[in-house]
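[1] predicted coordinates and the sequence they were generated for:
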Amino acid sequence: MLLMEIFDNTVEMIILDIESTNVQIIEPKIENETFELCHDPALESNLAGNIGVLLVRSILNKLNIDEHRVFKWRLDNKYKQYQILNHYIPNCMAETISLSQLLKEDNGIQKIRELCEKGFFIKSTVGDGSGRDNSFDRTAELDEIISLYQNDDEEKWVLQKKLNFKKEFRIHTFHKDLIHGLTSITEGLDLSDSYAAEEFVKIILANLPDTILQGTLIGWDIGLTDNNEHYVIEANITGFHPEFNRGFQTSGYFGDPNYGAIMSAWLNNYFRSKYNISIDSIESSLSSSNQFYEDFIFYSSVFNSQHLKIIENKKDVNTSAIIYLGESTDSRLLMIASYFRLANFASLYHLIVNEENFSKVSKFFEGKKSIEILIENSLFTKDEYLLIKQLSYEKRKSIYYHRVLHQIKEKSCLII
């Protein structure tokens, strides 16, 4: 009983501190402000993780966000996350029990083994990438963990009830905004259930205090069970993590080798649209160090606030996208179409290409049912096409868009 009282008092003290701390106010810039990403020793020191961390850290720095603030409550620790989230949104996470607490009880080791037999597993409270490499279940190491156990204030191991997830999602938020267009499927076949998962995250955001959320970029791992119930698996919080992999960390998706530059550019588009701050160029010495930076600038030049609004207002998947490739052989435009498809931006994608590129584009999307490839000269009569070909690139592009919009009979469409 005494142990439970200590446990409850510890949680109460954390909650009291959260609710008595002043909210960090993050204001949008009065006018649109852009900046060049340059070498900066202060921003480049203590980076932990993928290449996208420098981009994210630089944007947050321009908004004067304290990257250490939320970690005063050790929210990088998964057990602290459970305690706090479960306080504000009861049962939003699988039941989690402190290993330290059990070991201090009479017959604690026996109780741990009994819980493991009943469907609990041993999980580390610190670390990253455990989901990607399927190393989150450490029950097989139980004897070693117990033998090496040392009593400390920061719980390193917990027992968590095992849930059967049929799908898992990574969903990104900033403050109380769900950043539409940055939701990914991490386990499962498709994003068909992503809307319900996003609505679940919105409930979480509505119930957490501004003290935690204001100025905080979070990548939420959300699981959907066989019973169609949603649970928070963990929250990947951007900022300066004080212990494990010490340094500035952010969602690994912003450094993904395939789509990291696109997702980082989309995040840049979000901050440009919502906070009037964005990166518009990369210092040449930095840009030449990695193709990622050049790709990021290319994608950032393509995205705009209208794209963000269309995705935010999309209530279902019955939306089309039109992407003009024309005579372009830039594979990055194909990657945009590929990412949009994976991220469920629309239900059907109309790609407009010239006759010479039809074969290349068709091969790239071979077998993808949601992709329709249109040869631009097939949209017009021969005489119309000859006249259109004499116009400027932007005028041709506009005419092609309007012709496809007319054919698919949609008033609004995601257009690249």
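    Nice, thanks for sending it over. Residues are numbered from 1 along each chain as shown.
[2] would you confirm that Val56 contacts Gly252?
    No - judged on C-beta atoms under 8 Å, Val56 makes no contact with Gly252 at a distance of 11.4 Å. From N, CA and C alone the C-beta is placed, and that goes for glycine too.
[3] more neighbours, those two?
    Val56 (25 against 18; other C-beta atoms under 10 Å).
[4] nearest residue to the residue most central in space within the chain in space, ignoring adjacent ones along the chain?
    Compute the mean C-alpha point of the chain, and by C-alpha atoms, centre = their mean the closest residue is His172, 3.7 Å away. In this structure, His172 finds its nearest non-sequential neighbour in Leu182, 4.1 Å apart by C-beta to C-beta, 6 or more residues apart in numbering.
[5] and that neighbour, what pLDDT?
    At Leu182 the predicted local distance difference test score is 97.
[6] could you measure Lys314 against Leu217, distance?
    Here the criterion is C-beta to C-beta, to the nearest Å. By it, Lys314 lies 22 Å from Leu217.
[7] correction: the previous question concerned Ser328.
    Plainly put, Ser328 is 33 Å away from Leu217 if you go by C-beta to C-beta.
[8] now the strands for the stretch 301-416 of the chain?
    For the stretch 301-416 of the chain, the strands identified by DSSP state E, counting those that start in this stretch occupy 320-326, 348-353, 371-375, 414-415, in order along the chain.
[9] as a markdown table, those with mean pLDDT would be great.
    Below are the strands of the stretch 301-416 of the chain laid out as a markdown table (pLDDT from 0 to 100):
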| stretch | mean pLDDT |
| --- | --- |
| strand 320-326 | 90 |
| strand 348-353 | 94 |
| strand 371-375 | 94 |
| strand 414-415 | 88 |
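[10] and the ones you listed as TSV, adding mean neighbour count and distance to Asp221?
    Rendered in TSV, the data for the strands of the stretch 301-416 of the chain read as follows (neighbours: other C-beta atoms under 10 Å; distance: least, C-beta to C-beta, whole Å):
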stretch	mean neighbour count	distance to Asp221
strand 320-326	21	27
strand 348-353	22	28
strand 371-375	17	29
strand 414-415	19	27
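[11] figure out which of the ones you listed is closest to Asn61.
    Among the strands of the stretch 301-416 of the chain, strand 414-415 comes nearest to Asn61, with 31.1 Å by C-beta to C-beta.
[12] about what we covered before: okay, Ser328 and Leu217: which has more neighbours?
    Set Ser328 next to Leu217 and count neighbours by other C-beta under 10 Å: Leu217 wins out with 25 against 14.
[13] just the pLDDT for the closest residue to that one other than its chain neighbours.
    Across the structure, with C-beta to C-beta, 6+ apart as the measure, the residue nearest Leu217 apart from its sequence neighbours is Thr238 (3.9 Å). Here the pLDDT value assigned to Thr238 is 98.
[14] quick one: residues contacting Thr238.
    For Thr238, the set of contacting residues under the criterion of C-beta atoms under 8 Å, 6 or more residues apart in numbering consists of Val56, Leu60, Glu67, Thr216, Leu217, Ile218, Gly219, Phe248, Gln249, Thr250, Ser251.
[15] mind pulling up the pLDDT for Asn134?
    Asn134 is assigned 51 on the pLDDT scale.
[16] okay, now the unreliable bits of the stretch 251-400 of the chain?
    Across the stretch 251-400 of the chain, the stretches falling below the confidence threshold (pLDDT under 70) are 315-318.
[17] got a list of contacts for stretch 20-31?
    Applying C-beta under 8 Å, 6+ apart, the contact partners of stretch 20-31 are 63-66, 69, 175, 210-211, 214-215, 274-277.
[18] switch to 6 Å and redo it
    Leu63, Asp210, Thr211, Gln214, Gly215, Tyr275, Asn276, Ile277 (C-beta atoms under 6 Å, 6 or more residues apart in numbering).
[19] those in helices, which ones?
    In this view, the contacts of stretch 20-31 that belong to helices under DSSP state H are Asp210, Thr211, Tyr275.
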